[in-house]
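S.K.: Can you look at this prediction? I've put the sequence above it.
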Amino acid sequence: MKPSRDIMKHHTGPVDVCIVGAGAAGSTLAKTLAEGGMSVVVLEAGPWLDTQQDFVNDELAMLGKIDWDDLRISGGNHPISLGRINTGRAVGGSTIHFTSIKLRLHPQDFLRGSMQGSGPDWPLTYDDLSPYYRKAEEFLSVFGPHHFPWGGFHGPYPHGELPLSAGDEVIARGFEKLGMRWTMSPHAILTGTKDGRSPCMYYGFCVNGCKSDAQSTALVTWIPAAVRAGAEVRDNSFALRINVDDNGHAKSVTYLHEGREAEQQAKIIIVSCYSIETPRLLLNSATGQCPDGLCNRSGQVGRNLMVHPQTEVYGRFPGPMDHFITPLVGIISQDPYGTQKGRDFTGGYSMVRNAHFPIDFIATLLTGRPDLWGKKMFDVMDHYTHWTSLVTMNEMLPRQDNRVTLARETDKNGVPVAHVTMSYDDNDNKMLQAAARHGEEVLRAGGADEILHTTGSGHLLGTCRMGMDPNTSVVDPFCRSHDVRNLFICDGSVFVTAGALNPSLTIEALALRTADHILNRLP
């Protein structure tokens, strides 16, 4: 059973580790380090939600409840949407409204330059992360196919997959007619009971908060285990800055709780705020010793921001798709993954069946199709149950000018907010166009009688990349800062390249590896 917050240990005075952020990385670190005997305090800017009291199976009622809607400035030639689609503000972070997909990066993703001819290599390999991938999959009770055709791991997964939906079946038919392989996406969703949690009830509310606790979010997995091991999680505690001593060592985190500033001292500080708030915190922690921001001697903090540019192709079919009683993401094909001969772009993409509830369905369409208005919009909505979509998740390479800096604007606490700059290059645009054509071919082959297209982006990666060279990276292969040796950065910001798939499993694997390093190798 999940432990109550009432049994949580409360630490006073300095601790061994202070973690900023209780998302996929921070909660994984908290559980592992606390179980290893370290005293741990986690500071989370958002609230600690109760899945039974705070989550309701009502799309409209959940709008704004689980989003990071604080002011952020988005610019560049292709400004990205910010908020729920990319970040979370609650204990559990963005995992409380993610689609639960748990995919491993491919071996070639870690050797992007060496194996595909462009982009940087990671300072670690797939084999370095493989045991941690498996450990996370087992802890989260990931279900998946008996055989996964792509990448470095082919199964089996800890649990068998859920059955196909009607939308899966028509898209599978399209894949097969084009000679493409497909399988069910691996998910961190229970197919049986565990620790008092229910198996999947097919509510379909994955991105609005799972009321049945079947979804293996950090809120109901890593966090309860961390609390049982003695970690303290302080919600509604917004980190203002990291403080350093005269020797340049991190000594504490100043945070805001209930309108008052407080300070938590620690021997080790770990920043796990994800790819926007992590560089924002480091840049806002500038001092006379570090005038350009903490851990930023290289000038790389905030740079190399990556997203997954996406095309979403909607198809209308003669029969109902039942996409409101199924996990939102279904079958996948990674046949287009990675750089391939005969294409005019480098890199590749994954293709997954996607589903929407009504508000999200029309809002997503209108975001990418402002021309869809009036009678045409109502015609589309009248046939809502007959539509399903295929999303392509495209790889983007890191570029210095895609970045997070501090804006002139401040939040309600007077802290400068993040200014996010994003521009696609020619390679990104060519891949988007090719993926859109490919998606339409699949849906047409599956029997769609009408097609609509939109574009967008998902996930946030980079801004504090890892590497061996302190002049071109922010942390080492164990996520330890080059500049401040008792400070770690562990979240999606340390990614060197993005691959073309959902990142949460890699974030958790990196966190497990980092925790292992701290427990077993640091003095």
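M.R.: Thanks, I have it.

S.K.: in what helix or strand does Tyr337 lie?
M.R.: Using DSSP states H and E, Tyr337 falls within no helix or strand.

S.K.: Just give the closest residue to Gln116, not the sequence neighbours.
M.R.: Spatial nearest neighbour of Gln116, chain neighbours left out: Thr339 (4.3 Å); criterion: Cβ to Cβ, 6 or more residues apart in numbering. Placement of C-beta: from N, CA and C, glycine included.

S.K.: and that neighbour, how far is that from His308?
M.R.: Taking Cβ to Cβ, to the nearest Å as the criterion, Thr339 is separated from His308 by 16 Å.

S.K.: okay, those two: which has more neighbours?
M.R.: Counted by other Cβ atoms under 10 Å, Thr339 and His308 do not tie: His308 has more neighbours, with 24 against 17.

S.K.: could you pull out the helices for the chain?
M.R.: Residue ranges of the helices in the chain, as given by DSSP state H, are 24-35, 112-116, 126-139, 166-177, 222-228, 274-283, 358-368, 375-382, 426-446, 504-521.

S.K.: Could you point out which of these sits nearest Val244?
M.R.: Ranking the helices of the chain by their distance to Val244 (criterion: Cβ to Cβ) puts helix 274-283 first, at 11.5 Å.

S.K.: if you average pLDDT over the closest one, what comes out?
M.R.: The predicted model assigns helix 274-283 a mean pLDDT of 97.

S.K.: do stretch 80-88 as well
M.R.: Confidence over stretch 80-88, taken as the mean pLDDT, stands at 77.

S.K.: which residues does the closest residue to Val142 other than its chain neighbours contact?
M.R.: Of all residues not flanking Val142 in the chain, Lys102 sits nearest, at 4.8 Å (Cβ to Cβ, 6+ apart). For Lys102, the contacting residues are 136-137, 140, 142, 144, 186-188, 502, 504-505, taking Cβ atoms under 8 Å, 6 or more residues apart in numbering as the criterion.

S.K.: List the buried residues for the helix or strand of the chain with the lowest mean pLDDT?
M.R.: The helix or strand of the chain with the poorest confidence is helix 358-368; it has a mean of 80 (mean pLDDT, DSSP states H and E). Buried residues in helix 358-368, defined by neighbour count with 16 or more other Cβ atoms under 10 Å: 360-362, 364-365, 368.

S.K.: Tell me which other helices or strands it touches.
M.R.: Contact partners of helix 358-368 among helices and strands, from 3 or more Cβ pairs under 8 Å, 6 or more residues apart in numbering; DSSP states H and E: strand 306-316, helix 375-382, strand 450-461.

S.K.: Could you point out which of the ones you listed sits nearest Glu263?
M.R.: Sorting the helices and strands packed on helix 358-368 by Cβ to Cβ, the top spot, which is the nearest, belongs to strand 450-461 at 28.7 Å.

S.K.: From the contact counts, what lies against the closest one?
M.R.: Checking 3+ Cβ pairs under 8 Å, 6+ apart, strand 450-461 ends up next to helix 274-283, strand 306-316, helix 358-368, helix 426-446.

S.K.: neighbouring strands for it, and are they parallel or not?
M.R.: Paired strands of strand 450-461, with direction, are strand 306-316 (antiparallel) (DSSP bridges).

S.K.: Using CSV, lay out the contacts of Lys102 together with neighbour count.
M.R.: As requested, the contacts of Lys102 are exported to CSV (neighbours: other Cβ atoms under 10 Å):
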residue, neighbour count
Ala136, 28
Glu137, 23
Leu140, 26
Val142, 25
Gly144, 24
Pro186, 26
His187, 30
Ala188, 27
Asn502, 23
Ser504, 26
Leu505, 24
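
S.K.: Of those residues, which pair is most distant in space?
M.R.: Once Cβ to Cβ is applied, the contacts of Lys102 give Gly144 and Ser504 as the farthest pair, at 14.4 Å.

S.K.: now, of the helices and strands packed on strand 450-461, which is deepest in the fold?
M.R.: Burial among the helices and strands packed on strand 450-461, expressed as mean neighbours by mean count of other Cβ atoms under 10 Å, is greatest for helix 274-283, which shows a mean of 28.

S.K.: sorry, back to before: the helices of the chain: which one's closest to Ser457?
M.R.: Within those, the stretch nearest Ser457 is helix 426-446; the backing value is 10.0 Å (Cβ to Cβ).

S.K.: now for that closest one, which elements pack on it?
M.R.: With contacts defined as 3+ Cβ pairs under 8 Å, 6+ apart, the secondary structure elements packing on helix 426-446 are helix 166-177, strand 306-316, strand 349-354, strand 387-394, strand 450-461.

S.K.: Not counting its own residues, what contacts that helix?
M.R.: For helix 426-446, contacts defined as Cβ under 8 Å, 6+ apart pick out 170-175, 177-178, 180, 309, 311-313, 315, 317, 336, 343-349, 351, 390-392, 394-397, 424, 451, 453, 455.

S.K.: tilt between that helix and strand 306-316?
M.R.: Compare the direction of helix 426-446 with that of strand 306-316 by axes from the mean of the first three to the mean of the last three Cα atoms, to 10 degrees and you get 30 degrees.

S.K.: Only alpha carbons, please: show helix 426-446 as CSV.
M.R.: Listed in CSV are the C-alpha atoms of helix 426-446, where the atom choice follows Å, rounded to 0.1, in the frame of the first residue of the first chain:
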residue,chain,number,x,y,z
ASP,A,426,16.3,22.7,-43.0
ASN,A,427,16.9,19.1,-41.8
ASP,A,428,14.0,19.4,-39.3
ASN,A,429,11.6,20.8,-41.9
LYS,A,430,12.5,18.1,-44.5
MET,A,431,11.9,15.4,-41.9
LEU,A,432,8.6,16.9,-40.8
GLN,A,433,7.4,17.0,-44.4
ALA,A,434,8.5,13.4,-45.1
ALA,A,435,6.9,12.2,-41.9
ALA,A,436,3.6,13.9,-42.7
ARG,A,437,3.5,12.2,-46.1
HIS,A,438,4.4,8.9,-44.6
GLY,A,439,1.7,9.2,-41.9
GLU,A,440,-0.9,10.0,-44.5
GLU,A,441,0.1,6.9,-46.5
VAL,A,442,-0.3,4.7,-43.5
LEU,A,443,-3.8,6.1,-42.7
ARG,A,444,-5.0,5.9,-46.3
ALA,A,445,-3.8,2.3,-46.4
GLY,A,446,-5.7,1.6,-43.2
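
S.K.: Looking at that helix now, give me its mean pLDDT.
M.R.: When the per-residue pLDDT values of helix 426-446 are averaged, the result is 97.

S.K.: quick one on the thing from earlier: same list (the buried residues of helix 358-368) but as TSV, adding distance to Ser285.
M.R.: TSV is the format used below for the buried residues of helix 358-368 (distance: Cβ to Cβ, whole Å):
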residue	distance to Ser285
Asp360	36
Phe361	41
Ile362	42
Thr364	36
Leu365	41
Gly368	37
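
S.K.: Thr392 touches Met351, doesn't it?
M.R.: Yes: under the criterion of Cβ atoms under 8 Å, Thr392 makes contact with Met351 at 5.3 Å.

S.K.: where's Asn402 relative to Ser493, distance?
M.R.: Taking Cβ to Cβ as the measure, Asn402 falls 13 Å from Ser493.

S.K.: no, scratch that, I was asking about Gly152
M.R.: Computed with Cβ to Cβ, the distance linking Gly152 and Ser493 is 24 Å.

S.K.: Those two - which one has more neighbours?
M.R.: Set Gly152 next to Ser493 and count neighbours by other Cβ under 10 Å: Ser493 wins out with 33 against 18.

S.K.: contacting residues around the more buried one?
M.R.: Under the criterion of Cβ under 8 Å, 6+ apart, the contact partners of Ser493 comprise 274-275, 278-279, 461-465.

S.K.: Tell me which two in those residues are the farthest apart.
M.R.: Within the contacts of Ser493, Tyr274 and Arg465 form the most distant pair, 14.1 Å apart (Cβ to Cβ).
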